[in-house]
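quick one, what's the 3D model for this:
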Amino acid sequence: MANNITFDTETDIPDRAVLVSLVTDAVKKKGINPEYSLHELVQLAETAGVEVMDTISQNLAKPDPKFFIGKGKVEELRMAMEAVDATTAIFDHELSGAQVRHLEESLDVKIIDRTQLILDIFAQRANTREGIIQVELAQLTYLLPRLSGHNTNLSRLGGGIGTRGPGESKLEMDRRHIRNRVNDLKDQLEEITRHRTLYRERRQKTGVFQVALVGYTNAGKSTLLKELTDAEVYIQDQLFATLDPTSRVLELPTGKEVVITDTVGFIQNLPHDLIAAFRATLEEANEANLILHVVDASSEMREDQMAVVQSILVDLGASDKPQIVLYNKKDRCTPEQLQMLNTGEGHLTISAFEEADLLAIRDAIQTTLTGDTITFRIPANRGDLASLLYRVGEIINQEFDGSDSLYEVLLHKDDYEKNGYLLQDYIEVSHT
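Got it, this is the predicted structure:
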């Protein structure tokens with residue numbers, strides 16, 4: 001790899017791109033909607049600051065090992081790019097280093113794949129030390145096996161997508177130096193993860209419940225966090241507006257407080273390297289007592305987006321967590337879309353801007369986490385049971401009735417089931 005390559009990573013000239021989609025038998029078997037995936041790629045490109053000039057699709061049984069798309073399609077792509085004076089071709093798939101090199105040689109333009117585009121957006125969004133480290137780790141892990149494929153890419157074109165993040169000096173390192181840098185970044189992340197784990201354990205010891213907001217990118221998680229807690233968070237109608245997790249205290253109707261955390265949005269074909277790098281951040285979902293799955297109810301791809309989120313939760317080991325599905329943006333839904341929403345237990349149809357809906361969310365969180373309010377009649381000589389009530393529940397009220405004490409307790413259903421054999425004979429009344 002050349003040692004004296006230089007290029008300017010700052011430019012005011014936006015990339016002009018033609019987007020390319022390949023529909024293969026494997027894509028069809030996975031049930032991926034190629035039209036929506038291409039539409040999503042347009043949104044990703046625009047989020048990255050790219051001017052989308054045209055889109056091209058091709059159907060093939062399997063990708064061409066040399067050019068990814070067919071050789072004839074390469075010529076069609078070249079002509080399409082010349083017609084609109086495009087400088088970049090963005091593929092809605094992950095390319096190998098060899099495919100990038102062959103496409104560059106044939107087209108003489110910058111070649112970007114879906115993974116690199118997403119990594120570029122994350123590089124723009126990262127603000128905290130942890131976020132910056134995570135993005136650089138994912139970028140270098142992606143880059144390492146593709147160094148030869150991106151040689152001319154980096155030397156010929158300056159700035160724009162694909163060059164943010166690590167920067168010139170790091171991109172020019174040889175494989176050994178990059179591996180050393182990757183190991184160093186992993187060590188830094190492990191230290192951050194250790195501190196995050198200790199902080200989380202301290203919160204758990206205080207008995208504070210953890211609630212995680214998860215969902216497809218641009219589902220409205222940050223807006224919901226802001227409206228629920230008055231948090232000052234970055235909100236834009238674009239993909240991956242939130243990268244760094246934000247935690248805030250949320251007060252429930254009873255006055256009990258929980259910690260609610262906004263997490264990075266999910267997307268189909270989210271790069272594996274990115275999931276690995278952001279695993280420490282995504283652990284917020286895995287460690288939560290409750291997951292609020294925020295869904296853009298107005299999206300035509302709502303069910304597919306929900307399936308992507310559930311799949312990633314499975315990968316994180318968080319699929320068995322208690323979950324409330326929040327069908328957000330009901331004000332943008334058609335009557336037909338509203339009729340198709342699940343209205344059963346554990347599902348709410350909401351708008352983040354309606355106070356009644358925000359109250360309904362608080363009530364649902366409270367019911368799920370703290371369970372029912374139960375009144376127990378405890379004899380005065382059973383101090384052990386009184387102590388147990390204080391340990392496993394929240395005492396709302398206490399009254400005396402002769403030689404007995406009446407305790408009104410907000411009790412989590414899991415705690416009640418765990419200790420029910422000791423308390424069930426002393427229930428005076430249960431309030432559902």
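
CA atoms only: put stretch 350-359 into CSV for me.
The C-alpha trace of stretch 350-359 is given here as CSV (Å, rounded to 0.1, in the frame of the first residue of the first chain):
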residue,chain,number,x,y,z
ILE,A,350,-49.5,6.6,21.0
SER,A,351,-48.3,10.0,19.9
ALA,A,352,-45.3,11.3,21.7
PHE,A,353,-46.9,14.8,21.7
GLU,A,354,-50.2,13.8,23.5
GLU,A,355,-50.1,14.1,27.3
ALA,A,356,-52.7,11.4,27.8
ASP,A,357,-50.6,9.0,25.8
LEU,A,358,-47.5,9.9,27.9
LEU,A,359,-49.4,9.2,31.1
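
I'd like the average pLDDT over it.
On average, the pLDDT along stretch 350-359 is 96.

secondary structure element for residue 410?
strand 404-411 (DSSP states H and E).

list the strands paired with that strand, with their directions.
The strands that strand 404-411 pairs with in its sheet are strand 372-379 (antiparallel), strand 393-401 (antiparallel) (by DSSP bridges).

identify the residues contacting the last one?
Contacts with strand 393-401, where a contact means CB atoms under 8 Å, 6 or more residues apart in numbering, come from 254, 256, 370, 373-374, 377, 389, 405-412, 415-416. Every residue, glycine included, has its C-beta placed from N, CA and C.

the stretch 151-300 of the chain: strands as residue ranges?
210-215, 246-251, 257-262, 290-296 (DSSP state E, counting those that start in this stretch).

what segments of the stretch 201-350 of the chain are helices?
Assigned by DSSP state H, counting those that start in this stretch, the helices in the stretch 201-350 of the chain fall at 221-229, 272-277, 279-287, 302-316, 335-339.

can you check the stretch 1-150 of the chain too?
With DSSP H, counting those that start in this stretch as the criterion, the stretch 1-150 of the chain has helices spanning 25-30, 34-47, 71-84, 97-107, 114-125, 129-143.

roughly how far is the second one from the heart of the chain?
To tie it back to what came earlier, the one meant is helix 34-47. 17 Å (CA atoms, centre = their mean, to the nearest Å).

give me the most central residue, this structure.
residue 265 (2.7 Å; CA atoms, centre = their mean).

that one contacts residue 219, correct?
Yes - using CB atoms under 8 Å, residue 265 is in contact with residue 219, at 6.7 Å.

find the residues that touch each one of the two.
If you check residue 265 and residue 219 against CB under 8 Å, 6+ apart, no residue is contacted by both.

what bits of the stretch 301-432 of the chain have low per-residue confidence?
Applying pLDDT under 70 to the stretch 301-432 of the chain flags the ranges 412-421, 429-432.

ok, back up a step: deepest-packed of the strands paired with strand 404-411, please.
strand 372-379 (a mean of 18; mean count of other CB atoms under 10 Å).

and that strand, C-alpha only, in CSV?
Extracted in CSV, the C-alpha atoms of strand 372-379 (Å, rounded to 0.1, in the frame of the first residue of the first chain):
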residue,chain,number,x,y,z
ASP,A,372,-50.4,-4.5,41.6
THR,A,373,-51.2,-2.6,44.8
ILE,A,374,-52.0,-5.2,47.5
THR,A,375,-53.2,-4.7,51.1
PHE,A,376,-51.8,-7.2,53.6
ARG,A,377,-53.0,-7.8,57.2
ILE,A,378,-50.0,-8.6,59.3
PRO,A,379,-50.3,-9.6,63.0
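
tell me who's in contact with residue 342.
By CB under 8 Å, 6+ apart, the neighbours of residue 342 are 325, 327.

rerun that using 6 Å as the cut-off
Contacts for residue 342 (CB atoms under 6 Å, 6 or more residues apart in numbering) come out as none.

then residue 386?
Contacts of residue 386 (CB under 6 Å, 6+ apart): residue 378.

you'd agree it is in a helix?
Yes - under DSSP: H, G, I helix; E, B strand; the rest coil, residue 386 sits within a helix.

shouldn't residue 301 be in contact with residue 36?
Yes - using CB atoms under 6 Å, residue 301 is in contact with residue 36, at 5.1 Å.

which one of those two is surrounded by more residues?
residue 301 (18 against 15; other CB atoms under 10 Å).

per-domain residue ranges of the protein.
Listed by automatic domain parsing, the domain ranges of the chain are 16-177, 207-369, 371-431.

format those domains as TSV; extra columns: distance to residue 195.
Below are the domains of the chain laid out as TSV (distance: least, CB to CB, whole Å):
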stretch	distance to residue 195
domain 16-177	10
domain 207-369	10
domain 371-431	28
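
so for residue 193, which of those sits nearest?
domain 207-369 (4.2 Å; CB to CB).

who does residue 296 bridge with?
residue 328.

what about it, how many neighbours?
Residue 296 - counted by other CB under 10 Å - has 21 other residues nearby.

need the pLDDT of it.
Confidence score, pLDDT, at residue 296: 96.

hang on, isn't it packed against residue 217?
No - the criterion here is CB under 6 Å, and residue 296 misses it with residue 217 at 9.4 Å.

re earlier: out of the strands paired with strand 404-411, nearest to residue 14?
Among the strands paired with strand 404-411, strand 393-401 sits nearest to residue 14 (CB to CB), with 55.1 Å.

how far off centre is that closest one?
So, by CA atoms, centre = their mean, the centroid of strand 393-401 is 41 Å from its chain's centroid.

got phi/psi on the closest residue in space to the residue nearest to the centre of the chain that isn't next to it in sequence?
Leaving aside its chain neighbours, residue 265 sits nearest to residue 217 (3.0 Å; criterion: CB to CB, 6 or more residues apart in numbering). Main-chain torsions, residue 217, degrees, to the nearest 10: phi -60, psi 140.
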